[in-house]
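Student: Here is the input, now give the coordinates:
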Amino acid sequence: MASSKDYLQFALEQLSELNEISYRAMMGEFILYYRGKIIGGIYDDRLLVKPVKSAVEYVKNPTYELPYEGAKEMLLVDDVDNKKYLAGLFNAMYDELPAPKAKKKK
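Tutor: Numbering: from 1, shown residues only. I've put the predicted structure just below:
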């Protein structure tokens, strides 16, 4: 099942307190970027983030879910209605996220 653009817009509005949030559509889902780093995505109308240590510690009762068949588990963010919570989570995770890979020159 693909994610809806309505849910994407809702999630982006909830993340509006953060600068440099962007997304990219990919196979019916949406990859989320924070300040140029992949932080997670919208999968089947669920906000999932990478399960880095800081995110696991920030979330009170971590729940892991698969974004799609064959993928690595990600952390479900179930408090999407709380803008301050989301901003705190994304800021806590940022330093732990890997830097974007350099694009190969053709």
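Student: quick one: the helices in the chain?
Tutor: Under the criterion DSSP state H, the chain carries helices at the ranges 5-14, 53-58, 83-94.
Student: helices or strands up against the second one?
Tutor: For helix 53-58, the helices and strands in contact under the criterion 3 or more Cβ pairs under 8 Å, 6 or more residues apart in numbering; DSSP states H and E are helix 83-94. For every residue, glycine as well, the C-beta is placed using N, CA and C.
Student: name the helices or strands packed onto the helix it packs on?
Tutor: Partner elements for helix 83-94 (3+ Cβ pairs under 8 Å, 6+ apart): strand 29-34, strand 37-43, strand 46-49, helix 53-58.
Student: So what are the sheet partners of the first one and their directions?
Tutor: Which is strand 29-34. strand 21-26 (antiparallel), strand 37-43 (antiparallel) (DSSP bridges).
Student: which one is the residue nearest the centre of the chain nearest to, not counting chain neighbours?
Tutor: The chain has residue 40 as the residue nearest its centroid, 2.6 Å off, counting by Cα atoms, centre = their mean. Distance criterion Cβ to Cβ, 6 or more residues apart in numbering; nearest residue to residue 40, sequence neighbours excluded, is residue 49 at 3.5 Å.
Student: show me the contacts for the one you found.
Tutor: 39, 40, 55, 74, 75, 77, 89, 90, 93 (Cβ atoms under 8 Å, 6 or more residues apart in numbering).
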